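Undergrad: Structure, please.
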Amino acid sequence: QVQLVESGGGLVQAGGSLRLSCAATRRTKSGYAVAWFRQAPGKEREFVASISWTGGTIDYSDSVKDRFTISRENAKYTAYLQMNDLKVEDTAVYYCAASNRLIASAEVDFTSWGQGTQVTVSS
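TA: Below you'll find the predicted structure:
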């Protein structure tokens with residue numbers, strides 16, 4: 001299984017931007033879809049965005065569409081989440097996850113998870 005490490009979280013004011021990175025530290029020869037999920041205090045983990053192995057299929061939750069951009073560089077075994085126009089309600093721990101499927105977006109399809117990175121948006 002792929003092992004993942006997130007980075008790039010931090011504290012930012014509302015309206016600001018952050019870019020999260022998700023690096024695969026233990027890799028496989030097979031391709032894998034990547035997704036970002038987030039969990040706010042007292043809430044269930046929710047889907048944010050997903051990208052297929054080739055990058056040809058991308059999905060976003062309605063709450064982040066037009067503000068967040070998911071991308072990947074397979075040569076660097078790294079995926080990214082560019083977050084613009086951040087809102088207080090975006091505050092959460094953000095997790096990246098990898099699926100054995102080449103295309104996936106359902107949480108149940110993701111079997112490798114990073115440790116999470118905290119994103120805090122202040123008003």
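
Undergrad: Which positions within stretch 48-56 qualify as buried?
TA: Across stretch 48-56, burial judged by 16 or more other C-beta atoms under 10 Å covers Val48, Ala49, Ser50, Ile51, Ser52, Trp53. To be clear about C-beta, it is placed using only N, CA and C from the backbone, and glycine gets the same treatment.

Undergrad: actually stretch 23-38, sorry about that
TA: For stretch 23-38, by 16+ other C-beta under 10 Å, it's Ala23, Ala24, Tyr32, Ala33, Val34, Ala35, Trp36, Phe37, Arg38.

Undergrad: Inside strands: which ones of those?
TA: Among these, the ones falling in strands (DSSP state E) are Ala23, Ala24, Ala33, Val34, Ala35, Trp36, Phe37, Arg38.

Undergrad: Closest one of the residues you listed to Ile103?
TA: Ala33 (5.6 Å; C-beta to C-beta).

Undergrad: Quick one: list the elements packing against the one helix or strand in the chain whose mean pLDDT sits lowest.
TA: The helix or strand of the chain with the lowest confidence, counting by mean pLDDT, DSSP states H and E, is strand 18-26 at a mean of 92. Here strand 18-26 touches strand 3-7, strand 33-39, strand 78-83, strand 92-99, strand 117-122, going by 3 or more C-beta pairs under 8 Å, 6 or more residues apart in numbering; DSSP states H and E.

Undergrad: Quick check: pLDDT value at Arg67.
TA: Looking at Arg67, its pLDDT stands at 98.

Undergrad: what's the burial count for the closest residue to it other than its chain neighbours?
TA: Nearest non-adjacent residue to Arg67, counting by C-beta to C-beta, 6 or more residues apart in numbering: Asp85, 4.8 Å away. Neighbour count of Asp85, defined by other C-beta atoms under 10 Å: 13.
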